[in-house]
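Chemist: Predicted structure and sequence below. I'll ask about it afterward.
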Amino acid sequence: MSLLSRFCWRKILPKTLGIFNMNANGCGISAFHCQNFSTMDRKNLIKKEIIFQGRFCITKNDFNIVLGTHGINSHFTKIGSLHYSTDSKENSNPKVKKPDYEITKKKEINDPKQETNSSEPEPVSMTKRIQIVVGIVAIWGVIYFIIKYLKSKEEITKREEQVSQIDIGAKDYELIDHLGQKRTKADFMGQWLLLYFGFTHCPDICPEELEKMAEIIDLVDKDKSVPDILPIFISVDPERDTPEVVKNYIAEFHKKFVGLTGTKEQVKQAAKTFRVYFSAGPRDEDNDYIVDHTIVMYLMNPAGNFVDYYGSRGVATPDIVSGIKKNMKNYKRLHG
């Protein structure tokens, strides 16, 4: 506390109370005007922290002068106020009766910073930001998968249209099954088929391919997410492969096998329908011969259309199974 403040606090304030105009550093009095107050008034003023509606404030800790025309600093809390007459005649005479005053109820002075902050929007919490980001990512993810699904479906449709134009198994045929029953293409509609052309007197290749087919059938049927598949063996040796011979032959590989044979003309027509080449070789002394033929498996869908073929003996069984399942699922996506 400066010497001037001490002097005012100890000497001037007990007797008089006036209006001060101070400079920014709180030192130096440019003007002074005082009014007399009683001892009780001084005690009340000193006891309580009061900001006057005039041009100064008095606190119990210090003697502070408030600058400005109105003398109210926003950093102070207004507890009370002194109302006094500002008439020039009354103020010119220090001996005039005491000014009327009253202590008003406590009021808070609004902080301009607080008002400014209240008008600003509340900041978004981190949790809400994360939720917004997650929502945007989820929406874009859904859009991405929809586009991907539609594009994939379009590609599958396009491929099916291209494959359906391949004239494999498109025409009707008529053969005799291993039970002696006449069979046509219509009898197998609505089922997935895996066809193989061979003959029962084949020494090695045909047995190997039929064993491979039996394994494929078991693996496909084991997966309940895809439909079952029916294996069909079509003989290219009608002269020796009667229905009875075919029945005994296919029983060695899988119980689901359906064996088909027929007359030379019927077998020739069926082979032509599936674009399979076959030709009987020269006979030996025992009238035995080998039939040269196309080594291929055909996959046919329930609509009776060609879907895929597996012609290389080097293709692994799991790869064939995977290809069959994929084609089945694609067909379901398009046709339900």
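Modeler: That came through fine.

Chemist: CA atoms for contacts and neighbours, from now on please.
Modeler: Fine.

Chemist: where do the strands sit along the stretch 101-250 of the chain?
Modeler: 174-177, 182-184, 192-198, 229-235 (DSSP state E, counting those that start in this stretch).

Chemist: Mean neighbour count, distance to P282 and mean pLDDT for the ones you listed - can I get that in a markdown table?
Modeler: Compiled in a markdown table, those are given as follows (neighbours: other Cα atoms under 10 Å; distance: least, Cα to Cα, whole Å; pLDDT from 0 to 100):
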| stretch | mean neighbour count | distance to P282 | mean pLDDT |
| --- | --- | --- | --- |
| strand 174-177 | 21 | 26 | 97 |
| strand 182-184 | 15 | 31 | 97 |
| strand 192-198 | 23 | 17 | 97 |
| strand 229-235 | 23 | 18 | 97 |
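
Chemist: Need the ones you listed in TSV (columns: distance to K325).
Modeler: Formatted as TSV, the strands of the stretch 101-250 of the chain follow (distance: least, Cα to Cα, whole Å):
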stretch	distance to K325
strand 174-177	27
strand 182-184	26
strand 192-198	11
strand 229-235	10
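
Chemist: Figure out which of those is closest to Y310.
Modeler: strand 192-198 (9.9 Å; Cα to Cα).

Chemist: Return the list of helices and strands in contact with that closest one.
Modeler: Using 3 or more Cα pairs under 8 Å, 6 or more residues apart in numbering; DSSP states H and E, the elements in contact with strand 192-198 are strand 229-235, strand 297-300.

Chemist: what about I136, distance to S125?
Modeler: 17 Å (Cα to Cα, to the nearest Å).

Chemist: One more: H201?
Modeler: H201 is 80 Å from S125, by Cα to Cα.

Chemist: Neighbour count for those two, which is higher?
Modeler: H201 (16 against 9; other Cα atoms under 10 Å).

Chemist: so what's the more buried one closest to, chain neighbours aside?
Modeler: I290 (7.6 Å; Cα to Cα, 6 or more residues apart in numbering).

Chemist: got it, and F199?
Modeler: S235 (5.0 Å).

Chemist: F278 now?
Modeler: Counting by Cα to Cα, 6+ apart, the residue nearest F278 is H293, at 4.0 Å.

Chemist: cool, and I229?
Modeler: Nearest non-adjacent residue to I229 (Cα to Cα, 6+ apart): W192, at 4.9 Å.

Chemist: From T263, how far out is the one you found?
Modeler: Distance from W192 to T263, by Cα to Cα: 26 Å.

Chemist: got it, and D177?
Modeler: 12 Å.

Chemist: R333 now?
Modeler: Relative to T263, and taking Cα to Cα, R333 is found at 40 Å.
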